[in-house]
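Participant: Quick check, what structure comes out for this input:
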Amino acid sequence: MPALAIIASLSLLSWLWLAFGQGGFWRTDIRLPAGPASAARPDVVVVVPARDEAEVLPLSLPSLLAQRYGGRARVILVDDGSTDGTGELARRLAEAAGPDALPLTVTVPGEPPAGWTGKLWALRHGVELAGDATYLLLTDADIAHGEHSLDALVRAAESDGLALVSQMARLRTETRWEQLIVPAFVYFFAQLYPFRWSNRPGARTAAAAGGCTLVRRDALERAGGVAAIRGAVIDDVNLARLVKRDGGRTWLGLADQVDSVRPYPELGQLWRMVSRSAYAQLRHSVLLLTGTVLGLALVYLVPPLALVAGLVAGSVPVAVCGGAAWALMAVTYRPMLAYYGRPAAEALLLPFTAGLYLLMTVDSAVQHWRGQGAAWKGRTYPAPKA
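Facilitator: Residues are numbered from 1 along each chain as shown. I've put the predicted structure just below:
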């Protein structure tokens, strides 16, 4: 019990720090700032990298083509070696959208050279075709946008002088596994990259959400362009770091009219979504992996175990520390559950979900050691050489 009391106390102290000292990561009120409705709208090109996206494209691409934007805008879909007819389907969707839709260009970049990820090679190709547009909206093929999404992004960028504006798309939560895993995914992301810290000029924290990122073309060029992050598996965070390091102001928040339509009905699909990049997030470091596993266990698994052990053994300090830590965990998770329309009682399941993420992280490292890490749609990206 003395050892468990110390561990339970450390867990509670960790939660006190997270709740009150980690940039208010649990807050969900950081939303896109409103810009002046009367301001002129600069030219925008929307770049959509797509690889085998025929399943979701009918749910996402029409929303981009139907954008109500006060300036000139067009869409470039970069067909990254698809084998399911993605490019041809995109052309048919554009024809069906009618004469008032944004114009669409479908282009094929060819296979990426050594050292490039497929998505970033596709983005580079799209950016090159964008010409001298003031802004580039980099958005994934599974992201559906409300009809005023583009206008709101540009207004926010123009009003606040932002070089990069990104929204964390609301992910799908229709199946039981999605409801269990998805809110926690966004919660953990915000815990790693508190939005308020990321949005603060001069702060070291910088992050973006790859599904919806508006960036000034000149800011991207000054920072080195897409080529500067060509091998990054976690491209969104690296893009934000690139722009912010060059002096550009960045903003990240939760979305109200940007939604992912990609289904993850089974645990295995969600598992692969997380595990393909988890070890890359840890910079392929065994030391960081060990620290992460121990940290997840201390912060998320110890509280319920300490509460139960303390009650069984009659140790009040252990039970109080475990119960208080679990309560703080649940309270900070509640806003994210509310954002996703989930009941408050599901906050008590976060230790179980965190345990799954711990296993996903370990599996990510194992897959990398086996040479199968960062596998996505037929491509595998090894750890970069030092």
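Participant: Quick check: pLDDT value at Leu348.
Facilitator: Listed pLDDT for Leu348 reads 98.
Participant: helix/strand/coil for it?
Facilitator: Classification of Leu348 using DSSP: H, G, I helix; E, B strand; the rest coil returns helix.
Participant: check contacts around the residue lying closest to it once chain neighbours are set aside.
Facilitator: Using C-beta to C-beta, 6 or more residues apart in numbering and skipping residues adjacent in sequence, the residue nearest Leu348 is Ala330, 5.8 Å away. C-betas here are computed from N, CA, C, even on glycine. Going by C-beta atoms under 8 Å, 6 or more residues apart in numbering, Ala330 touches 347-348, 350.
Participant: ok, so of those, who is nearest Leu307?
Facilitator: Within the contacts of Ala330, the smallest distance to Leu307 is 11.1 Å, found for Leu348 (C-beta to C-beta).
Participant: For Pro303, see how far away the closest one is.
Facilitator: Distance, Leu348 to Pro303, by C-beta to C-beta, to the nearest Å: 11 Å.
Participant: Name the residues contacting each of these two.
Facilitator: Taking C-beta under 8 Å, 6+ apart as the contact rule, Leu348 and Pro303 both touch Trp326.
Participant: Settle it for me: which of these two has more neighbours?
Facilitator: More crowded of Leu348 and Pro303, by other C-beta atoms under 10 Å: Pro303, with 27 against 14.
Participant: The more buried one should be in a helix, yeah?
Facilitator: Yes. Judged by three-state DSSP, Pro303 forms part of a helix.
Participant: which residues in the stretch 151-300 of the chain form helices?
Facilitator: Using DSSP state H, counting those that start in this stretch, the helices of the stretch 151-300 of the chain run over 176-192, 195-198, 217-222, 235-245, 267-281, 286-296.
Participant: can I get the CA coordinates of the third one in CSV?
Facilitator: Extracted C-alpha coordinates of helix 217-222, given in CSV (Å, rounded to 0.1, in the frame of the first residue of the first chain):
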residue,chain,number,x,y,z
ARG,A,217,0.6,30.8,-50.5
ASP,A,218,3.4,33.3,-49.9
ALA,A,219,3.8,32.2,-46.3
LEU,A,220,4.1,28.6,-47.4
GLU,A,221,6.7,29.6,-50.0
ARG,A,222,8.8,31.6,-47.6
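Participant: tell me the domain ranges of the chain?
Facilitator: What automatic domain parsing lists as the domains of the chain is 2-24+269-367, 44-263.
Participant: The ones you listed into a markdown table, with extra columns for distance to Arg31?
Facilitator: A markdown table is the format used below for those (distance: least, C-beta to C-beta, whole Å):
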| stretch | distance to Arg31 |
| --- | --- |
| domain 2-24+269-367 | 10 |
| domain 44-263 | 5 |
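Participant: doesn't Arg155 make contact with Ala34?
Facilitator: Yes. Counting by C-beta atoms under 8 Å, Ala34 touches Arg155, with 6.9 Å between them.
Participant: Look at the two and report which has more neighbours.
Facilitator: Higher neighbour count among Ala34 and Arg155: Arg155, with 22 against 10, using other C-beta under 10 Å.
Participant: which residue packs closest to that one, ignoring adjacent ones?
Facilitator: Gly35 (3.0 Å).
Participant: Isn't the one you found up against Leu153?
Facilitator: No. Between Gly35 and Leu153 there is no contact under C-beta under 8 Å: 9.3 Å.
Participant: more crowded one of the two?
Facilitator: The residue with more neighbours, out of Gly35 and Leu153, is Leu153; 27 against 18, by other C-beta under 10 Å.
Participant: Quick check: closest non-adjacent residue to the more buried one.
Facilitator: Spatial nearest neighbour of Leu153, chain neighbours left out: Leu214 (4.4 Å); criterion: C-beta to C-beta, 6+ apart.
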